[in-house]
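Visitor: Got a predicted structure here, sequence first:
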Amino acid sequence: MITPTLNAAVETIMREVSRDVILPHYQSLTAAQIVSKAVNDVVTVADQESEAILTERLTALLPDASVVGEEATFADESELLKLKDRLCWIVDPLDGTNNFAAGKPPFGMLIALADRGETLGGWILDCLTGRFCRASLNGGAWVNEERLTARATGEQPPVAAISLIFTEEARRERLRTEVAPHYRMVDIPRCAAEQYPRLALGQNDVAVFERTLPWDHAAGALFLDEAGGKCARPDGTPYRVDQFDRKGLIGAASPALFEALANRLSALED
């Protein structure tokens, strides 16, 4: 399914939309072009325009595949049901929108292809640097044209980026007092298109995500797994895009780092 021809076509589409739609709006948005859609979440004209074009071009690329886009799903949550029983493109047209709206990096684009809940391919573009990450199921992970093997930072304690934005207050406090002391904590980038490469490229060792919407995690989870890291639910079950109502996800540069953090999170539930 994920052929070299398909990889090349998806990369071309993403780079062209970044160049022609997203970057022209960078640091030039007006107040009217930024709209709050939820607590700690905004949408911009760049999100909306890029999703429309990506939907059109990806549909033309694979007419048998539906498209589940972040902004379309915000307007109609039933769009998520497509992920359960058909071939679907999953589109985050502008990941890291809060950063983008503030005129700062990081931000990027995430696209995945899934079939009945299982992710087959994932593509991640850093719009500013041009770094392009891709992965296919059982086909490895790549950064630009180089095959990637995930690597840890080598630091002790390990480096952790733990998102607390969507965590309930009681759990947030326990994460701070019982988990954080075992790691060197760093700021989250508020951009999955940046966080997953950091885990695979030796910048971060582990990350915890509370909210696990498919457009944020489908491409990155596959990329990290195929690079030799591990991304899964805290109980070790694989991430599936059709389980969009579940919370909690751990990404780690190695299975050992995953297990150590999963055990600490499990202790919070006791």
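Guide: Yes, it's here.
Visitor: quick one: Arg246 is in a strand?
Guide: No: counting by DSSP: H, G, I helix; E, B strand; the rest coil, Arg246 is not found in a strand; it is coil.
Visitor: Excluding chain neighbours, what is closest to it?
Guide: Here the nearest residue to Arg246 in space, its sequence neighbours aside, is Thr212; by Cβ to Cβ, 6 or more residues apart in numbering that works out to 6.4 Å. Any C-beta I mention is one placed from the backbone N, CA and C, and that applies to glycine too.
Visitor: just checking, that neighbour touches Leu249?
Guide: Yes: judged on Cβ atoms under 8 Å, Thr212 makes contact with Leu249 at a distance of 4.6 Å.
Visitor: any common contacting residues for those two?
Guide: Common contacts of Thr212 and Leu249 (Cβ atoms under 8 Å, 6 or more residues apart in numbering): Tyr239.
Visitor: Who are the contact partners of Ala160?
Guide: Ala160 is in contact with 180, 183-186, 204-208, 261, counting by Cβ under 8 Å, 6+ apart.
Visitor: Any regions of the chain where pLDDT drops low?
Guide: The chain contains residues with pLDDT under 70 at 39, 270.
Visitor: Just the C-alpha atoms of stretch 45-62, please, in PDB.
Guide: Taking C-alpha atoms only, stretch 45-62 is exported to PDB below (Å, rounded to 0.1, in the frame of the first residue of the first chain):
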ATOM      1  CA  VAL A  45      -7.200  30.700   8.300                       C
ATOM      2  CA  ALA A  46      -4.100  28.700   7.500                       C
ATOM      3  CA  ASP A  47      -5.500  25.600   9.100                       C
ATOM      4  CA  GLN A  48      -8.700  25.900   7.200                       C
ATOM      5  CA  GLU A  49      -7.200  26.700   3.800                       C
ATOM      6  CA  SER A  50      -4.600  24.000   4.000                       C
ATOM      7  CA  GLU A  51      -7.100  21.300   5.100                       C
ATOM      8  CA  ALA A  52      -9.300  22.100   2.200                       C
ATOM      9  CA  ILE A  53      -6.500  21.700  -0.300                       C
ATOM     10  CA  LEU A  54      -5.000  18.600   1.300                       C
ATOM     11  CA  THR A  55      -8.500  17.000   1.300                       C
ATOM     12  CA  GLU A  56      -8.900  17.600  -2.400                       C
ATOM     13  CA  ARG A  57      -5.400  16.500  -3.400                       C
ATOM     14  CA  LEU A  58      -5.300  13.400  -1.100                       C
ATOM     15  CA  THR A  59      -8.700  12.300  -2.400                       C
ATOM     16  CA  ALA A  60      -7.500  12.600  -5.900                       C
ATOM     17  CA  LEU A  61      -4.400  10.600  -5.000                       C
ATOM     18  CA  LEU A  62      -6.400   7.700  -3.500                       C
END
